[in-house]
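Asker: how would this look folded up:
(2 chains, ligands or ions: 5)
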Amino acid sequence: MALLEVRNLKTTFKTEDGIVAAVNGLSFAVEPGSTLGIVGESGSGKSVTSLSIMRLLASNGRIESGEILFKGENLLLKSEAEMRKIRGRDIAMIFQDPMTSLNPVLTVGEQIAEATRLHLGLSNRDATAKAVDMLRLVKIPAAEKRLKDYPHQFSGGMRQRVMIAMALSCDPAVLIADEPTTALDVTIQAQIIELMNEMQARLGSAIVLITHDLGVVAETCENVLVMYGGNMVEFGTARQIFDAPKMPYTMGLLESLPRLDQAGSRLVPIEGQPPNLLRMPPGCAFEPRCRYRMPICKEPVALYDFGAGHLARCFLYDQRAEGQKTIPAENATLIPGTAVAPPQETRR
Amino acid sequence: MSKAPDLVVVRDLKKYFPITAGILQRHVADVKAVDGIDFEIRAGETLGLVGESGSGKTTAGRVILRLADATAGSVTFEGRELIGLNRGELRPLRKEMQIIFQDPYASLNPRMTVGSIIREPLEIHNIAHGAAADERVQELLRLVGLQPQHANRYPHEFSGGQRQRVGVARALAVGPKFIVADEPVSALDVSIQAQVINLLQDLQQQFGLTYLFIAHDLSVVRHISNRVAVMYVGKIVEIADRDRLYDNPLHPYTQALLSAIPIPDPDIERRRKRIILTGDIPSPVNPPSGCRFHTRCPVAFARCSVEVPAFNEYEPGHRAACHWVEEHGGKAPDLTAGSAVVA
Ligand SMILES: Nc1ncnc2c1ncn2[C@@H]1O[C@H](COP(=O)(O)OP(=O)(O)OP(=O)(O)O)[C@@H](O)[C@H]1O
Ligand SMILES: Nc1ncnc2c1ncn2[C@@H]1O[C@H](COP(=O)(O)OP(=O)(O)OP(=O)(O)O)[C@@H](O)[C@H]1O
Ligand code: SF4
Ligand SMILES: [Mg+2]
Ligand SMILES: [Mg+2]
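Answerer: Ligands and ions are numbered 1, 2, ... in the order given. Coordinates of the predicted model:
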């Protein structure tokens, strides 16, 4: 059994322009001790997915359907009181901007101790000792002294470490990290990534790492989920995704990237603009920008199974597209019931 | 390759921002944002300027264009000193030097149509008016890959990549020779960045433009630059031809910076050795004594905290400011020795 499994998640937001389906039928699973990378462009639904799992959506958001199974139990059926116990203890989250999730009026030590008191039932003294241990673990110098400092007295990189210390203080089974290094400088980013890898090796937590940096994914993740327009368009091991991407968006993303280890040659951009969730194309969400598009791509597209866990959402691998195919492409196994039409405009 | 003449020459340029305190606004300290930098930009080339947040890249770009006043030093453009010129004297030079901003959302006036945004510099500089200006706007829109009918739309009706194209069109309107591009793709989605980078390269070819390309993304900088300068807390620590800098970095900071960039290839990532620096980036208000990098440098020795290292030339065009390199006859320290292989 997977540790965390998301099945057919659909999350919508009420906005002035209509109902936006930010996540539309997403399914994936996370195994214990593994790292799953979620990549995709801005607005593709990465943060909404993680906030749905934590049940921390903004008030205009709603989980319309689906299941979120943690150790086999559906989190969507839990009461808010039950969720409060799960958050932090079983599933912890690190946000992109540490300032929004650290309490500015409490010292860093109080915040870490509070979590272990609440979730692990530690006494005040044990909780404080644990907080010192955690700060040492994330390599905050003079941890005992820094315990009494407030978040604003730390640099950006150190705050991110404090967040990691806090998130890991109750040994959560799953750690969801939403762009944990995006706001940081590269030399500091490297420190944090190393720290997260080290922590995982030590504590055995599963990590869901959300990022737009494919380099970070290559460095840290076993599995990669690529999102586009609110849904999964490709899933596989890092090797599968980087060596033999199947979905044209993934291919385009890798080609459009200037690489540190390859100078010179002209970049191959993905033409066009990212999709507008209020005006989605009827079939494949990527169709308007896809250089391999075919007439059949205007129909809802399913996931295809390439074996060894590699999945992609693209008609190039459907035998019905034979005769329309714009590049040679093998036929893969269609997974029944996975064809979803992108959300259509629903004006009120 | 024969060396092109220098278009811009920067010498010992400094920009301090005063910090004041109390009701009397007493001057208590300075943010030494740019603290004595030297480099040249050759006609027709792209010089990449990289460095972490707060290292002074934007400030350097703005002072070079005289969008901010220098505290000290010299900037010449085609041999002409810019520091000390008054507004009237600068005016004709503004046509020659333009800037593209980082944030395509904040840098365009939301109440002006895209057409009037591009048209404004044409009129200010008396380049075209009336129907001729309209025609030039259409031509510029086409040049940057937008439609002529986009002239009547407002910035909010465009995506980030399209807005950045508008910013490029505005900068090109006056026919400049030199453009400071300050993080022109940082705010864009990965899939859109390549569109704007290709556009900048095409325009450079077509019009023989010279770029100072500011970025913190070293992969983008490697792709677009002929030469690259690395900044750290207000100083340039190394400058060299692109491939030389990336293949043979001398300064320990350049080495660490390059090794910190993850490469989107799991096979390479697993074989790579990394240099993980300890400590935080120092503040430009109280920069460390001697070499500013000595607080984080794995090979720092006694001299480093006392004496400011000279910006020596070790190979033609390859300069670095580091005592270790100087004392080892231009050799780079091996920082990967002993550090872990990323598993
Ligand atoms: N509270 C909200 N109200 C309305 N729309 C929302 C809300 N939160 C998110 N959305 C919309 O849902 C979509 C997905 O957003 P999400 O934050 O998940 O994107 P993301 O993939 O995390 O992007 P980024 O890389 O920019 O963080 C976007 O179109 C966004 O505008
Ligand atoms: N107008 C100003 N007044 C006071 N300090 C300033 C001003 N502008 C910049 N600074 C300071 O000067 C230093 C250099 O800033 P600058 O914006 O040049 O850095 P940068 O290298 O462009 O960074 P980034 O990558 O974040 O854009 C910073 O410490 C900044 O806070
Ligand atoms: S001068 Fe010293 S401290 Fe500075 S980079 Fe060189 S060795 Fe390191
Ligand atoms: Mg997000
Ligand atoms: Mg800047």
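Asker: So the residue in chain A that chain B sits nearest to versus A:Val340, what's the distance?
Answerer: Residue of chain A nearest chain B, by Cβ to the nearest Cβ: A:Gly215 (3.0 Å). Just so you know, the C-beta spots here come from the backbone N, C-alpha and C atoms, and that holds for glycine as well. Noted for A:Gly215: a distance of 30 Å to A:Val340, by Cβ to Cβ, to the nearest Å.
Asker: Could you do B:Ile275 as well?
Answerer: Here B:Ile275 is placed at a distance of 45 Å from A:Val340 (Cβ to Cβ).
Asker: One more: A:Leu76?
Answerer: 19 Å.
Asker: So between those two, which is more surrounded?
Answerer: A:Val340 (20 against 16; other Cβ atoms under 10 Å in any protein chain shown).
Asker: That one reaches A:Ala21, doesn't it?
Answerer: No - the pair A:Val340 and A:Ala21 fails to qualify as a contact (Cβ atoms under 8 Å) at a distance of 9.8 Å.
Asker: CA atoms only: put the helix or strand hosting B:Pro121 into PDB for me.
Answerer: Per DSSP states H and E, B:Pro121 falls inside helix B:114-124. Taking C-alpha atoms only, helix B:114-124 is exported to PDB below (Å, rounded to 0.1, in the frame of the first residue of the first chain):
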ATOM      1  CA  VAL B 114       1.100  49.200 -25.400                       C
ATOM      2  CA  GLY B 115       1.200  51.400 -28.500                       C
ATOM      3  CA  SER B 116       1.700  54.600 -26.500                       C
ATOM      4  CA  ILE B 117       4.200  52.900 -24.200                       C
ATOM      5  CA  ILE B 118       6.400  52.200 -27.200                       C
ATOM      6  CA  ARG B 119       5.600  55.500 -28.800                       C
ATOM      7  CA  GLU B 120       6.600  57.600 -25.900                       C
ATOM      8  CA  PRO B 121      10.400  57.500 -26.300                       C
ATOM      9  CA  LEU B 122      10.000  58.200 -30.000                       C
ATOM     10  CA  GLU B 123       8.400  61.500 -29.200                       C
ATOM     11  CA  ILE B 124      10.600  62.400 -26.300                       C
END
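Asker: next one: the following helix or strand past that helix to chain centre, how far?
Answerer: Where DSSP H and E defines the elements, the next helix or strand beyond helix B:114-124 is helix B:130-143. Distance of helix B:130-143 from its chain centroid, counting by Cα atoms, centre = their mean, to the nearest Å, is 29 Å.
Asker: hey, where'd the strands end up in the stretch 151-300 of chain A?
Answerer: For the stretch 151-300 of chain A, applying DSSP state E, counting those that start in this stretch gives strands covering A:174-178, A:206-210, A:223-228, A:231-237.
Asker: er, chain B I mean
Answerer: Ranges of strands within chain B are B:6-21, B:26-42, B:46-50, B:72-77, B:80-81, B:97-100, B:178-182, B:210-215, B:227-232, B:235-241, B:312-315, B:318-320, based on DSSP state E.
Asker: Tell me the residues of chain B that contact ligand 2?
Answerer: B:17, B:31, B:33, B:51, B:53-59, B:216, B:284 (Cβ under 6 Å from any ligand atom).
Asker: switch to 8 Å and redo it
Answerer: Contacts of chain B with ligand 2, taken as Cβ under 8 Å from any ligand atom, map to B:17, B:19, B:31, B:33-34, B:51-62, B:68, B:102, B:182-183, B:214, B:216, B:231, B:234, B:283-285.
Asker: Bridged to A:Arg87, which residues?
Answerer: A:Ile91 (DSSP bridges).
Asker: Identify the residues contacting it.
Answerer: The contact partners of A:Arg87, taken as Cβ atoms under 8 Å, 6 or more residues apart in numbering or on different chains, are A:Met54, A:Arg55, A:Leu56, A:Met93.
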